[in-house]
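Visitor: quick one: sequence and predicted model below, then my questions.
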Amino acid sequence: MDEKSGQNQMGMLLSVNSLTYAPPIDGSLVNDRQYKAYNFQPLNYTGLTGAPSIVINSGDDYVWGPTSYVRMRITSSLSTTSFASSAYDLFREFEINHRSGDLLDRSTNVNALIQELLRFQEGRGYGSTDGYAGVFGSGASSADINAGVDVILPLSFFSGLFAQRTLIPSSLLSGSKIKLQWESLVKAVIDSAGTPVMTISDMTLVLDSFELMDSAKKALLQQQANVKTQGLQFSYSSWVNTNKTFSTTAYDLDVNLSAAKTMLVLVKTRTTADLAGQTEDSMTAEAYPYVSWRLRLGSETQPQHEVKTSAEAYILTQSAFSNVHCDDINARKPAHVETGYGDYKASSVVCVDMERSQILSLSGRPTNNSRLINYNGAFSASTSRQMDVWVQILKVCNVMVDNVVVDK
């Protein structure tokens, strides 16, 4: 018994020290992988009119969401047009419905949200104009946009459904319909010379598609047909938006989410003047506007005290996005290369972590009809402004053969 235990221990140590030598095992259940393109209807748009939509005819392909994207070319009639953040600014709403008619996800005011996700979630190197976000149209010059700029917009920022490191089942995605809503022109772009005509061409959906082996498809199909387990459970996050306009220094905003598990709360304010002007940046939040603020969930407050400085708000926001570096012996390489997106004095977005554990995910606080999220406090000036609150919640989609049930 002791000898066997010693052998097991030595085997484990050899493995940890990379001193095990054996032929690699190919455990893949995938026959083929291919990027496949599907055209939006219509394919081209003159002006930000109409609603781009597409029925995903992906058959029995499984799809890897993080590397799937929307591809298009954007051209402005004027040589003075620019984006506040990126080509994501053009889209106000993203919606995806299952072929049975069930709503899988809807993100409203998604353009203003994505700007902050690029800043805080991905870090400075990712979001810079010469970094990965350059292909999003971030930093594109007005001359580039006038001549025509090709952009790639990953679906993972539009919806948490495409942000999971799990293949999306064919029964969930095939036949689903994606609908996009354009933002109004005065908010979507900045132009000091007048009102440009925006032309969108070759709008295409590109999915990173996988063909599974027959044995794997059979096993998964049996799980989907299992009534006792309610099919396959595909989990993802969703952003719920609430907004309200304030013209006084005092503010109080309730977010009513019935029976949801919350993970993150993000608050952003923009002045009404910036939202209404063609020459103004309608996407970027105003400079830190608060004298004090406090977030409540039912009778709980997070943090327990009122926040009265931009420095503390900055730390709480960075902590909510896990942008905290420490010399932990269990994590020698931090997940993010950089912390933050600039000087804390310029920070204007407030984000509060709703997770109950600093280590485990999906430990968020539940809401119900008697446990409202409330954000209240005072502004430093009584400027007319719009406050947007996004709450990140957990959704679980029970995927069956021909239909789905979405729980939150």
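Guide: Now that the structure is in, tell me what you want to look at.
Visitor: got any ranges where this protein has weak pLDDT?
Guide: 1-3, 123-131, 330-347 (pLDDT under 70).
Visitor: sketch out the helices for it, chain order is fine.
Guide: 2-16, 110-116, 124-127, 142-147, 155-158, 170-173, 185-188, 214-224, 272-276, 310-320 (DSSP state H).
Visitor: who wins for proximity to L205 among these?
Guide: Comparison of these against L205 by Cβ to Cβ identifies helix 155-158 as nearest, at 8.2 Å. (C-beta placed from N, C-alpha, C; glycine too.)
Visitor: which strands or helices does the closest one pack on?
Guide: Applying 3 or more Cβ pairs under 8 Å, 6 or more residues apart in numbering; DSSP states H and E, one finds that helix 155-158 contacts strand 62-76, helix 110-116.
Visitor: tabulate the helices of the chain (JSON lines), appending mean neighbour count and distance to S380.
Guide: Listed next are those as JSON lines, based on neighbours: other Cβ atoms under 10 Å; distance: least, Cβ to Cβ, whole Å:
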{"stretch": "helix 2-16", "mean neighbour count": "10", "distance to S380": "55"}
{"stretch": "helix 110-116", "mean neighbour count": "25", "distance to S380": "21"}
{"stretch": "helix 124-127", "mean neighbour count": "17", "distance to S380": "27"}
{"stretch": "helix 142-147", "mean neighbour count": "17", "distance to S380": "34"}
{"stretch": "helix 155-158", "mean neighbour count": "23", "distance to S380": "31"}
{"stretch": "helix 170-173", "mean neighbour count": "25", "distance to S380": "47"}
{"stretch": "helix 185-188", "mean neighbour count": "20", "distance to S380": "25"}
{"stretch": "helix 214-224", "mean neighbour count": "14", "distance to S380": "55"}
{"stretch": "helix 272-276", "mean neighbour count": "16", "distance to S380": "17"}
{"stretch": "helix 310-320", "mean neighbour count": "19", "distance to S380": "11"}
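Visitor: between those helices, which gets nearest to V389?
Guide: Closest among the helices of the chain, using Cβ to Cβ: helix 110-116, at 10.5 Å.
Visitor: coming back round to it: among the helices of the chain, which comes closest to D208?
Guide: The nearest among the helices of the chain, by Cβ to Cβ, is helix 155-158 at 9.9 Å.
Visitor: please list all residues in contact with the residue positioned nearest the centre of the chain.
Guide: Centroid check for the chain by Cα atoms, centre = their mean gives F157 as the closest residue, at 3.7 Å. F157 makes contacts with 88, 110, 114, 117-118, 163, as judged by Cβ atoms under 8 Å, 6 or more residues apart in numbering.
Visitor: could you redo the last one with a cut-off of 7 Å?
Guide: By Cβ atoms under 7 Å, 6 or more residues apart in numbering, the contact set of F157 is 88, 114, 117.
Visitor: where's the residue found closest to the last one once you drop the neighbours it is linked to in the chain relative to S15, distance?
Guide: The shortest distance from L117 to any non-neighbouring residue, by Cβ to Cβ, 6 or more residues apart in numbering, is to F157 (6.1 Å). From F157 over to S15 the distance is 38 Å, taken as Cβ to Cβ, to the nearest Å.
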